[in-house]
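**Student:** fold the following, please.
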Amino acid sequence: MHAGELILSMAISVSLRERIARATHRVAGVNLAPHVEAIARRQWLSREQLEREQLDKLNRLVWSSAVRFTYYRDAISAEAGREFTSLEDFKNRVPILERSTLAAGHLQPGHVPAEGRVYLRKTSGTSGQPRRVYVDASSLSRRLATRFLVFSWHGIRLGEREGRFWGRAEAGKGVSLSEWLLNRERFWLDRDGSVRGSSSRGSPAYFYGYPSLLLRAAENLKQTDRLRPRLIITTAEKLFPHQRAFLQRQFSCPVVEEYGCSETEIIAFECERGRLHIIESECLLEAVPLDGGHEAIITDLSNPYFPLIRYRLGDRVEIGEGPCPCGRVWRWLSSVVGRSSERVARLSNGTHVHGSEFAQIFSGLADAGIVVNRFHVRQVEQDRFAIEVDLPRGGDIEAEVRSRIETLVRAQFGSLLTATVAFRSLGDQPGKKFSYFEPL
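**Tutor:** Predicted coordinates:
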């Protein structure tokens, strides 16, 4: 086959897979077509136009929710009927919705939407409070349209083959059919520590999944030498700079981050210029001051069927300053550091230490040519920490690594705390997020 014929064949294949994916979504009650272009257009609005649209959506969302949900009716009863005049007015008048309130079931949809389909999404419960969120067909369509828009920033089209690094293999012909229709191959961590896939076909166009599992695959590249993706998308866990560099080096392709949660799906996505843009056509993200930093409060504008209004995510974020070179009007996040309750340790003198400060130690190791992708830091007592390190296979450098870590800890924290260093294989919990930091 000549090169021109091969390119044409590939184009036809992608086009066919896109049609199959769209047909699969339609059977499930999902229609992407009305939403993709509308969402794409909103990334280029002026700031004034965008905020005007957000305010209009908020007024419709809040007052319709007050009619349908007792929680919102009680929360804003004193303000009923008076429209918000600005985004600041909205933030000042609407209380924050706690995760515990959602977990307790105080929000329950009271009707079946006109489309007649409702989808249940359950959170993983890693915070100790598993939560249920309901999505109607229109909202799910918007969420999927958003996904394929941001993927297209990096040249990935609907229907292109995905390699999903997410837990263990799932049994059953129904799952296999679903994976085939969506052109997805699932990868998982086997009991022997190797990464395995659900088929032996050629390489997926892109990878999507947990950084911890992708890193394990990269460390065992000889087991996955058929894998040559054009893009890697990481989600659900924190990706540290030295880990990103390692993935880029091993797979010879760009690595981008997605920030989201089970309750709302994608909140922000990295653009071609490396900025993590908030998808502001679909959500309003606030950075509210907390302990010297900021925590994320989100309002989901895409799911009026089950409204999450000023919902406390529990993550610490920082919003960047200035425009992005890509030209999009959507604001961008300069920092996402994960659950605030799981990332901050309090010392005996009242000082707060963030888990990301320990991550900087391992970035320092990488600068010295020692790449450690798997580590766990546990607060044993208020001023004492245990650092566990999983060295790559064949690494006979424990003494050097221990010495370097101890030196870096002293440089980072001085006499604030002490830390012991131990080496062991850190076990995996397939399908669950890997935890790097464990405060008391």
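
**Student:** look up how far Arg216 lies from Phe434.
**Tutor:** Shown here: Phe434 relative to Arg216, a distance of 10 Å by CB to CB, to the nearest Å. Bear in mind the C-beta positions are built from the backbone N, C-alpha and C, glycine included.

**Student:** now the element after the lowest-mean-pLDDT helix or strand in the chain, going C-ward?
**Tutor:** When each helix and strand of the chain is scored by mean pLDDT, DSSP states H and E, helix 340-343 comes last, with a mean of 54. Next along the chain after helix 340-343, taking DSSP states H and E as the criterion, comes strand 344-346.

**Student:** outside of the next helix or strand after that following strand itself, which residues are in contact with it?
**Tutor:** Counting by DSSP H and E, the next helix or strand C-terminal to strand 344-346 is strand 352-354. By CB atoms under 8 Å, 6 or more residues apart in numbering, the surrounding residues in contact with strand 352-354 are Asp291, Gly292, Val337, Arg343, Val344, Ala345, Arg346, Leu347, Phe413, Leu416, Leu417.

**Student:** for the record, mean pLDDT for strand 352-354?
**Tutor:** Averaged over strand 352-354, pLDDT sits at 77.

**Student:** so what strands line up beside it?
**Tutor:** strand 344-346 (antiparallel) (DSSP bridges).

**Student:** got the phi and psi for Phe385?
**Tutor:** phi -130, psi 150 (degrees, to the nearest 10).

**Student:** sorry, slip of the keys, the one I care about is Val255.
**Tutor:** Dihedral pair for Val255: phi -120, psi 130, per degrees, to the nearest 10.

**Student:** now the one 4 residues further on
**Tutor:** The phi and psi torsions at Tyr259 (degrees, to the nearest 10) take the values phi -120, psi 130.

**Student:** can you get me a residue count around it?
**Tutor:** By the criterion of other CB atoms under 10 Å, Tyr259 has 25 neighbours.

**Student:** contacts only, for it.
**Tutor:** When contacts are counted by CB under 8 Å, 6+ apart, Tyr259 touches Thr235, Ile266, Ile267, Ala268, Phe269, Leu276, Leu333, Val336.

**Student:** farthest-apart pair in the residues you listed, please.
**Tutor:** Greatest spatial distance among the contacts of Tyr259 (CB to CB): Thr235 and Leu333, at 14.0 Å.

**Student:** so for stretch 365-385, what gets flagged as buried?
**Tutor:** For stretch 365-385, the buried set under the neighbour-count rule, 16 or more other CB atoms under 10 Å, comprises 365-366, 370-379, 383, 385.

**Student:** looking at these, which are in helices?
**Tutor:** If you go by DSSP state H, the buried residues of stretch 365-385 have Leu365, Ala366 in helices.

**Student:** which one of the buried residues of stretch 365-385 sits closest to Leu391?
**Tutor:** Nearest to Leu391 among those is Val372, at 6.7 Å by CB to CB.

**Student:** ok, and the closest non-adjacent residue to the closest one?
**Tutor:** Among residues not flanking Val372 along the chain, Phe362 sits closest, at 5.3 Å (CB to CB, 6 or more residues apart in numbering).

**Student:** roughly how far apart are the one you found and Leu149?
**Tutor:** Here the criterion is CB to CB. By it, Phe362 lies 34 Å from Leu149.

**Student:** can you check Glu357 too?
**Tutor:** 35 Å.

**Student:** could you list the domains of the protein?
**Tutor:** Domain assignment for the chain by automatic domain parsing gives 19-319, 347-438.

**Student:** what stretches of the stretch 301-440 of the chain score poorly on pLDDT?
**Tutor:** The stretch 301-440 of the chain contains residues with pLDDT under 70 at 338-343, 393-395, 427-433.

**Student:** any chance you could map the strands in it?
**Tutor:** Using DSSP state E, counting those that start in this stretch, the strands of the stretch 301-440 of the chain run over 311-319, 332-339, 344-346, 352-354, 374-381, 384-390, 418-423, 437-438.

**Student:** same question, the stretch 101-250 of the chain
**Tutor:** Using DSSP E, counting those that start in this stretch, strands in the stretch 101-250 of the chain cover 118-122, 132-136, 162-165, 184-189, 195-197, 206-209, 231-234.

**Student:** so which of those is nearest Tyr72?
**Tutor:** strand 132-136 (15.3 Å).

**Student:** the closest residue to Thr24 other than its chain neighbours - how many residues pack around it?
**Tutor:** Excluding the flanking residues, the one nearest Thr24 by CB to CB, 6+ apart is Leu181, at 4.4 Å. Using other CB under 10 Å, the number of residues around Leu181 comes to 16.

**Student:** my guess is Leu181 meets Arg26, correct?
**Tutor:** No: taking contacts as CB atoms under 8 Å, Leu181 lies outside contact range of Arg26: 11.5 Å.

**Student:** still on that earlier bit, want to throw the domains of the chain into JSON lines with distance to Pro325?
**Tutor:** Listed next are those as JSON lines, based on distance: least, CB to CB, whole Å:
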{"stretch": "domain 19-319", "distance to Pro325": "5"}
{"stretch": "domain 347-438", "distance to Pro325": "25"}
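
**Student:** just name the most buried of those.
**Tutor:** domain 19-319 (a mean of 18; mean count of other CB atoms under 10 Å).

**Student:** off-centre distance for that one?
**Tutor:** Distance, stretch centre to chain centre, for domain 19-319: 7 Å (CA atoms, centre = their mean, to the nearest Å).

**Student:** endpoint to endpoint, it covers what distance?
**Tutor:** 38 Å (CA to CA, to the nearest Å).

**Student:** repeat that for stretch 119-135.
**Tutor:** Counting by CA to CA, you get 5 Å between the two ends of stretch 119-135.

**Student:** any idea of the mean pLDDT in it?
**Tutor:** 70.

**Student:** where do the helices sit along this structure?
**Tutor:** So, for the chain - with DSSP H - the helices run 3-27, 33-42, 47-68, 70-75, 87-93, 99-103, 137-152, 173-181, 211-219, 241-251, 340-343, 355-367, 398-413.

**Student:** and those helices as TSV, adding distance to Ser281?
**Tutor:** As requested, these are exported to TSV (distance: least, CB to CB, whole Å):
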stretch	distance to Ser281
helix 3-27	20
helix 33-42	4
helix 47-68	8
helix 70-75	23
helix 87-93	15
helix 99-103	24
helix 137-152	8
helix 173-181	28
helix 211-219	27
helix 241-251	27
helix 340-343	27
helix 355-367	30
helix 398-413	40
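
**Student:** Ser203: which of these is closest?
**Tutor:** helix 241-251 (9.8 Å).

**Student:** neighbouring contacts of the closest one?
**Tutor:** 207, 211, 214-215, 218-219, 221, 227-229, 232, 234, 254-255, 362-363, 365-367, 371, 373.

**Student:** now do 10 Å
**Tutor:** Residues outside helix 241-251 that contact it (CB atoms under 10 Å, 6 or more residues apart in numbering): 203, 207, 211-212, 214-215, 217-221, 224, 227-232, 234, 237, 239-240, 253-257, 359-360, 362-367, 370-374.
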